[in-house]
Structure formats: C-alpha cells, structure tokens
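**Q** Could you look at this predicted model? Sequence included:
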Amino acid sequence: MTSDSASNSSKVADAYDRIATVVAKLWNGNLHYGYWEDEHDQSTFGEATDRMTEEVVRRLDPSPGQRVLDLGCGTGSPTLLLARNHEVEVVGVSISPHQISIATEQAREAGLDDRVRYEVADAMHLPYPDDSFDGVMALESMVHMPDKVHALREIVRVLRPGGRVSIADLTVHEASTQEHYNSSETSSAEGMYIMSRTDEYGDLLQRAGLDRIEITDVGKNARHSMRHFVEGALSCRDEYVEAIGAEEFEKRIEEARKMQDSPDFGYVLVSAEKPT
C-alpha cells in the first residue's frame, strides 16, 4: 500500500468510525444520496435512499445462489435490502470497524446473518482470492479511492469472468471544480473525497479491464439529497458535534449547502462486466 493510499484509508476509517452511530439512526441507516423519479416525487429521504440502492441492485442484476461483494457497506442497510429481495450470499466490507460492528448486529437482528456477513477490509487491497464473487456493488465508496483505476482493478480481480459491477458515485462536471473540491485546502474533508469528472468515468472503467459499460448521470434525480443531509445532521447536531467537533460540523454543513445549490456536481449510476 502506498503512503497516500494508507493515509487516505486511515482518514476514511476514522471519519466513519466517529459518525457511524449517529448515521445508523438516520435515513434508514443509509449514508448515501436518494433517488427521486421526478420533481413531483414526494418520497421521504429514507424512501429515496432505498430507491437509490434498488437502482444499484437492478444494474447488478443478481441471480439466486450468487455471491456478491458490497464494497463500502456502511452500517449495512443496502446489503440487507439486497439480501431481503434476492436469494444471494453477500459479503459487506468497510474500512471502519465501528460500521462493521453495527452492520453485523443489524444482520443478526434481521435474521439474515446466515447469508450476510461483514468484514473490515480496504477496498484498495481486498483480502479475497481471484474470481471470488459473481457481482460487486459500490454505493458511493469509489469517491474515497485515491487511485480509482487500482480500486477498479481490484474489483475486476475478485470478480468471476462475466461478473457484473454496479457503482453509484458522486462526480463533478468540470476540471476546475474537480481541482478545487479535491484540494484538502478547500474542503473540511481533508482529502477524504476524490471526485472524478463525469466525462472520464468510462475511461477509468476501460483502463481497469471492464467492458459492456453503461453510465447514466442521475444528478437531477439525486439533487434533493443535500437538503436532507443538512436537515438530518442539524436534527442530531449535539451528537455530531460530540463526534467531530463544532468547527468541523459547521464546515460540513456549509459545504453541503454549497453543493446543494451548485450545478457543478453530478451523480452517476454505472454498470459494467468482467470479460469472459
């Protein structure tokens, strides 16, 4: 592992360890964007986040008996939704031990721990043999990867030939926005988020060895998410401040509000296959 990769993994693990308990209480336990069908859709944020998971699963197209990896599983809600609706075995991984502890307990309480398990693992260096999974889903975890082609090659390595990958990821539309936001000097996240441009995503996937690539920008469908993130965070302000400090909390709220009103950010749903 390079020093940059190790440093970023440590930042991500620490950040999610600190907020995992708070997040588990909000938004059906989901810490990702929601999906609204159109401007008239009155779905709650919890309903919209579940629908975003369903969009990712639909592109994964799992079959009964398959083995699926959830890369960046959070506190486990997307993994459990997948397992409830499809007779598959699922392994969820996160760099955050606290998230894995919460997710494991949720699987036990849901009665799904016979088909679902969670493990601490770094997506940049997956601890699984080649050709271990029939599918991989990555719901907003790629945005944390400092070397996205390497992370995608790890996905390809653990996928069986013909296996599918389904990704949901935050993107930016312009190089200037990418440079500005990915700079630790301009973001409270301090390098936790490394956004790709929407127009370069296909090239990243091809360089990793994937084909049958489909990319859909659903930024308009996800645009209301930041407003709900802000409202949810403010409703648990004391717990958030205890976890990350008042200054950091206010910085994150300010950034979220800027992103909410900015046309510079996109959101893509991606599917691809490992060649047979």
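**A** Ah, there it is. Numbering: from 1, shown residues only.
**Q** counting contacts, what elements does whichever strand or helix holds Met259 pack onto?
**A** For Met259, the host element (DSSP states H and E) is helix 246-261. Packed against helix 246-261 by the contact rule (3 or more CB pairs under 8 Å, 6 or more residues apart in numbering; DSSP states H and E) you find helix 225-235, helix 237-244. Every C-beta, even on glycine, is put in place using the N, C-alpha and C of the backbone.
**Q** at 10 Å instead, please
**A** helix 3-24, helix 175-181, helix 225-235, helix 237-244 (3 or more CB pairs under 10 Å, 6 or more residues apart in numbering; DSSP states H and E).
**Q** for it, which positions count as buried?
**A** 248-249, 252-253, 255-256, 259-260 (16 or more other CB atoms under 10 Å).
**Q** That one: what's the following helix or strand?
**A** Defined by DSSP H and E, the subsequent element after helix 246-261 is strand 265-273.
**Q** partners of that following strand, with directions?
**A** strand 159-172 (antiparallel), strand 211-217 (antiparallel) (DSSP bridges).
**Q** where are the low-confidence patches of the stretch 151-276 of the chain?
**A** 176-177, 180-192 (pLDDT under 70).
**Q** quick revisit: the buried residues of helix 246-261 into TSV, with extra columns for distance to Asp147?
**A** Listed next are the buried residues of helix 246-261 as TSV, based on distance: CB to CB, whole Å:
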residue	distance to Asp147
Glu248	26
Phe249	30
Arg252	25
Ile253	30
Glu255	24
Ala256	26
Met259	24
Gln260	29
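**Q** ok, of the residues you listed, which one's closest to Leu210?
**A** Met259 (28.3 Å; CB to CB).
**Q** Does the closest one touch Gly219 like I think?
**A** No. Contact criterion CB atoms under 10 Å: Met259 and Gly219 do not qualify, at 11.1 Å.
**Q** what residues are shared contacts of these two?
**A** 170, 265 (CB atoms under 10 Å, 6 or more residues apart in numbering).
**Q** who does whichever strand or helix holds Val90 touch, helix- and strand-wise?
**A** In the assignment (DSSP H and E), Val90 maps to strand 89-94. On a contact count with 3+ CB pairs under 10 Å, 6+ apart, strand 89-94 meets helix 3-24, strand 67-71, helix 77-85, helix 97-109, strand 116-120, strand 133-139.
**Q** Give the partner strands of that strand in its sheet and their orientations.
**A** Strand 89-94 has the following strand partners under DSSP bridges: strand 67-71 (parallel), strand 116-120 (parallel).
**Q** buried set for that strand?
**A** 90-94.
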